[in-house]
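Asks: take a look and give me a structure for this.
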Amino acid sequence: MEFTKVLEALKDQMGERHMMLSYQWDNQELVAKVYDIVSEHNINVWMDIHGGVTGNINEAMASGVEGSAVVCCFMTQKYEKSKNCSAELNYANDRGVVVVPCMAQNRTEDGNPFRASGWLGILTAGKLWLDFKSDEQLEKRIVQLLTECCARLCKSETPVGKMVSMESKMSKKKAPVQRKKKVRGAAAGQAEEGTVMVLPDVRSITVPLNQPLEPGDQIEVWGLYEYGEKFNFNLIGDDLSQILLHFDIRPTENVVVMNNKVNDQWQTEIRDNRVVRKFERGEYDENFNLIVKYDEDKLVFFINGDKMRKSFPIRVPLKEGRNVVLRDEDDLGRWKKLKVPAPRVTQESKGTSDVKLGEEMILEQSLAVGDCIEVWGKHQEGDNYSFNIMRGKGDYLFHFDVRPKEGIVCLDSIVKTQQWTGSLNLHLEDLFKKLAHADPSGNFHIKIEFAENEMILFVNEMLVEEYIPYAFDLDTATHVVCFVPPGSNENPWKKISLPKPRQILQSFGTYEFKSLSIGDVINFTGHFRKEEDRFDIKIIEDPTSVHLHISIRPLEGVVVLIMNIRDAPERVQEISAAIPDSLAECELFDLFVLVEEKNFRVEFFKDGENEKVLLEMKMNHKNEFANARYVSFHDVQSNVWTELNMPDGTTYIRDV
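Replies: Predicted coordinates for the structure are as follows:
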């Protein structure tokens with residue numbers, strides 16, 4: 001997008017709100033320059049020394065946050081230690097204001113690279129930060145800043161002008177947890193085919209694979225070749241003690257070194273000193289492209305399109321690969337972008353589509369409990385119009401017939417009969433009023449949720465109290481169709497959303513979720529395998545940061561909870577509890593992980609009987625759960641897990 005269009009879009013997103021510059025006073029000179037340049041672009045910007053603070057400083061800062069569409073925080077060690085800065089940014093986060101981190105310090109006082117940690121690390125975790133470590137090329141940096149602000153505002157789930165209040169957020173957190181399984185939905189967070197991930201400027205980054213590698217798969221990475229110490233590409237297992245491929249680029253030695261590590265022991269090196277010059281082609285910002293391709297019994301490499309003379313033999317089965325780790329010893333930001341193989345089973349949400357009268361809208365999978373169908377339209381007086389869930393050509397499994405002349409909605413199920421009076425035959429005046437008169441413009445929204453023994457119906461967000469039992473088997477439905485009588489001049493049906501195809505739960509996998517918040521739930525269903533030594537689940541940030549490791553050990557008769565953040569021994573927690581007989585005897589069990597204010601609460605139930613807790617355990621999460629991004633498990637042999645429900649409603653089902 002041209003920068004002029006970026007500015008127009010940014011102004012449109014901000015409306016009458018402003019961009020707030022949050023900083024610690026030692027960094028005032030740099031931020032003042034940013035203020036001047038942003039103002040020149042006619043962007044409404046707020047800074048304390050430019051009239052932002054008058055009278056009570058706390059009230060002024062609160063007013064600055066409350067009037068902001070986006071807060072740009074200029075991160076330094078002193079910013080991180082400042083109570084005022086902490087209060088300011090936490091308040092912005094609580095109000096749902098978009099936060100754009102700007103890195104304003106290169107190294108700490110003891111010479112180490114500065115990285116946000118503590119409260120600042122939590123609030124900015126997972127966000128791409130912009131480089132403001134110096135005022136060189138400041139115009140270019142501000143173009144990047146405004147472009148990022150525009151992109152973040154466009155993607156924000158909290159629309160500008162409708163900010164969530166502190167009270168409403170806290171009331172959400174304190175709401176009682178519903179332990180019923182989540183509504184099934186499409187996968188979130190998995191990389192789509194062709195998607196390129198922009199990498200943060202950090203010394204080491206870990207990216208989980210979507211599934212085990214297969215012959216023909218390739219991983220592609222882009223970077224900036226600069227003279228300095230080595231930087232490397234690694235394909236690893238669960239952690240760095242098992243490296244399937246170590247591709248080490250060593251500019252000072254003018255060589256590429258390939259190796260692997262088994263049980264923390266390096267194996268035999270393969271060196272190629274005739275390829276380093278291939279990295280030095282291309283544009284300044286991104287001058288090399290490396291492709292690692294799985295070719296039957298070896299890995300082959302392409303650098304800027306040229307195939308390397310030497311390959312690397314597969315010494316450890318690549319199905320054991322879990323993650324890609326990119327490291328840069330000099331912290332020069334030489335890794336720029338990455339693309340891993342897309343999930344082989346991708347059944348993405350169809351979203352909403354236009355309704356075409358009389359056209360069969362095919363259900364791509366059988367309806368199941370937890371599914372939902374939604375339809376939108378605009379009421380019209382006159383002739384009847386209907387929405388129908390069909391089986392084949394003649395069976396109306398569910399007939400939703402709007403009859404304006406009678407002032408009713410008729411619900412029926414007309415199966416294996418030519419008569420237009422079926423087994424339901426409900427005539428509802430109140431339902432017609434909800435549909436036709438709740439919205440002054442006549443717009444309506446119908447939502448059908450498929451529960452265990454009944455259909456739950458909402459019209460214009462209002463629950464229809466009528467009990468609507470199934471007169472058909474859910475899995476027999478084939479398509480949906482909307483009708484009006486012949487000769488009608490207008491189509492009242494506008495949009496429809498069919499159930500999102502369910503994802504397949506593999507026996508091996510790393511499954512991504514967007515974020516964890518207090519009150520979130522992750523739910524697993526599985527077989528209790530008494531003969532197994534152990535079966536495990538991990539909620540992780542990356543292989544070195546395990547926020548919660550649930551290890552179920554039937555032969556030992558215990559469940560163990562482990563927390564190990566960034567491989568720091570002093571931060572390891574471990575607790576255990578005996579497995580009760582009531583759990584050990586379950587054929588199927590439900591496991592819930594609930595995020596509370598201070599703890600992860602882990603609860604076990606017999607599947608389908610979520611009133612009686614069989615085992616409950618708690619572990620202090622130390623407020624670091626916000627960085628967790630993945631659920632990971634390895635279940636090739638035992639086939640324990642049958643279903644995974646994520647916090648966002650995504651469901652993965654084992655394909656049996």
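Asks: look up which residues are beta-bridged to the nearest residue to Val484 once chain neighbours are set aside.
Replies: In space, and not counting its chain neighbours, Val484 is closest to Tyr385: 4.6 Å by CB to CB, 6 or more residues apart in numbering. (Glycine included, C-beta is placed from N, CA and C.) Tyr385 has these beta-bridge partners by DSSP bridges: Val402.
Asks: what number of residues lie near Tyr385?
Replies: 23 (other CB atoms under 10 Å).
Asks: pretty sure it contacts Phe483?
Replies: Yes: the criterion here is CB atoms under 8 Å, and Tyr385 meets it with Phe483 at 6.8 Å.
Asks: just to revisit the earlier point, so for the residue nearest to Val484, what's the pLDDT?
Replies: pLDDT recorded at Tyr385 is 92.
Asks: now do the contacts for it.
Replies: Contacts for Tyr385 (CB atoms under 8 Å, 6 or more residues apart in numbering) come out as 401-402, 482-485, 488, 492-493.
Asks: same thing but at 6 Å, please
Replies: By CB atoms under 6 Å, 6 or more residues apart in numbering, Tyr385 lies in contact with 402, 484, 492.
Asks: closest one of those to Thr4?
Replies: Nearest to Thr4 among the contacts of Tyr385 is Pro492, at 41.9 Å by CB to CB.
Asks: next, find the distance separating the closest one from Leu435.
Replies: Counting by CB to CB, to the nearest Å, the separation of Pro492 from Leu435 is 10 Å.
Asks: neighbour count: these two, which is higher?
Replies: Leu435 (25 against 21).
Asks: surely the more buried one touches Val459?
Replies: Yes: proximity of Leu435 to Val459 meets the contact threshold set by CB atoms under 6 Å, at 5.1 Å.
Asks: which helix or strand in the protein has the lowest average pLDDT?
Replies: helix 166-173 (a mean of 28; mean pLDDT, DSSP states H and E).
Asks: average pLDDT for stretch 621-641?
Replies: 76.
Asks: ok, now how distant is the residue nearest to Ala438 when sequence neighbours are not counted from Ile468?
Replies: Leaving aside its sequence neighbours, Ala438 sits nearest to Asn460 (CB to CB, 6+ apart; 4.3 Å). From Asn460 over to Ile468 the distance is 17 Å, taken as CB to CB.
Asks: neighbour-wise, which of the two wins?
Replies: A side-by-side neighbour count of Asn460 and Ile468, using other CB under 10 Å, places Ile468 first with 18 against 15.
Asks: what's across from the more buried one in the sheet?
Replies: Met455.
Asks: relative to Ser413, how far out is it?
Replies: 9 Å.
Asks: Gly608 now?
Replies: 26 Å.
Asks: out of these two, which sits in the busier spot?
Replies: Neighbours per residue, other CB under 10 Å: of Gly608 and Ser413, the larger number sits with Ser413, 20 against 11.
Asks: name the element the more buried one belongs to?
Replies: Using DSSP states H and E, Ser413 maps to strand 408-414.
Asks: next one: Lys5
Replies: helix 3-14.
Asks: now do the buried residues in that helix.
Replies: The neighbour-count check on helix 3-14 (16 or more other CB atoms under 10 Å) flags 6-7, 9-10, 13-14 as buried.
Asks: does Ile448 really touch Glu374, like I thought?
Replies: No: counting by CB under 6 Å, Ile448 stays clear of Glu374, with 7.6 Å between them.
Asks: which one of the contacts of Tyr385 is nearest Arg334?
Replies: Closest to Arg334, out of all of the contacts of Tyr385 and judged by CB to CB, is Pro492, at 58.4 Å.
Asks: report pLDDT for the closest one.
Replies: 91.
Asks: next, it: phi, psi?
Replies: The phi/psi pair for Pro492 (degrees, to the nearest 10) reads phi -70, psi -20.
Asks: what's the separation between Glu603 and Gln573?
Replies: Relative to Gln573, and taking CB to CB, Glu603 is found at 18 Å.
Asks: looking at these two, which one has more neighbours?
Replies: Taking other CB under 10 Å, Glu603 and Gln573 do not tie; Glu603 has more neighbours (20 against 15).
Asks: and the helices in the stretch 301-450 of the chain?
Replies: Counting by DSSP state H, counting those that start in this stretch, the stretch 301-450 of the chain has helices at residues 429-437.
Asks: repeat that for the stretch 551-656 of the chain.
Replies: Going by DSSP H, counting those that start in this stretch, the stretch 551-656 of the chain shows helices at 581-584.
Asks: what residues are up against the residue nearest to Ala438?
Replies: Counted by CB under 6 Å, 6+ apart, Asn460 has contacts 434, 438, 444-445.
Asks: if we go to 8 Å?
Replies: Contacts of Asn460 (CB under 8 Å, 6+ apart): 434-435, 438-439, 444-445.
Asks: how about Met390?
Replies: The contact partners of Met390, taken as CB under 8 Å, 6+ apart, are 360, 396-397, 477-481.
Asks: when you compare pLDDT across those, which one is lowest?
Replies: For the contacts of Met390, the pLDDT minimum is Glu360, 81.
Asks: okay, and the common contacts of Ile468 and Ser413?
Replies: Leu424.
Asks: so for stretch 547-567, what gets flagged as buried?
Replies: Taking 16+ other CB under 10 Å as the criterion, stretch 547-567 shows 547-554, 559-565 as buried.
Asks: equivalent analysis for stretch 492-499, please.
Replies: Neighbour-count burial for stretch 492-499 [16+ other CB under 10 Å]: 492-494, 496-499.
Asks: likewise for stretch 308-326?
Replies: Residues 308, 311-312, 314, 316, 318, 320-326 are the ones in stretch 308-326 that count as buried (16+ other CB under 10 Å).
Asks: where does pLDDT dip in the stretch 501-650 of the chain?
Replies: 501-502, 504, 506-509, 543-544, 566-571, 610, 634-638 (pLDDT under 70).
Asks: where do the strands sit along the stretch 301-450 of the chain?
Replies: Assigned by DSSP state E, counting those that start in this stretch, the strands in the stretch 301-450 of the chain fall at 306-307, 312-313, 323-328, 335-339, 352-354, 361-362, 372-378, 385-391, 395-403, 408-414, 426-428, 443-450.
Asks: rewinding a little: which two of the buried residues of stretch 547-567 have the greatest separation?
Replies: Pro554 and Ile565 (27.6 Å).
Asks: could you find the closest non-adjacent residue to Met19?
Replies: Val45 (4.8 Å).
Asks: likewise Leu426?
Replies: Leu411 (4.3 Å).
Asks: pretty sure that neighbour contacts His399?
Replies: Yes: using CB under 8 Å, Leu411 is in contact with His399, at 7.0 Å.
Asks: quick one on the thing from earlier: closest one of the contacts of Tyr385 to Gly96?
Replies: Among the contacts of Tyr385, Pro492 lies closest to Gly96 (CB to CB), at 36.1 Å.
Asks: pull the contacting residues for that closest one.
Replies: Per CB under 8 Å, 6+ apart, neighbours of Pro492: 377-380, 385, 402, 484.
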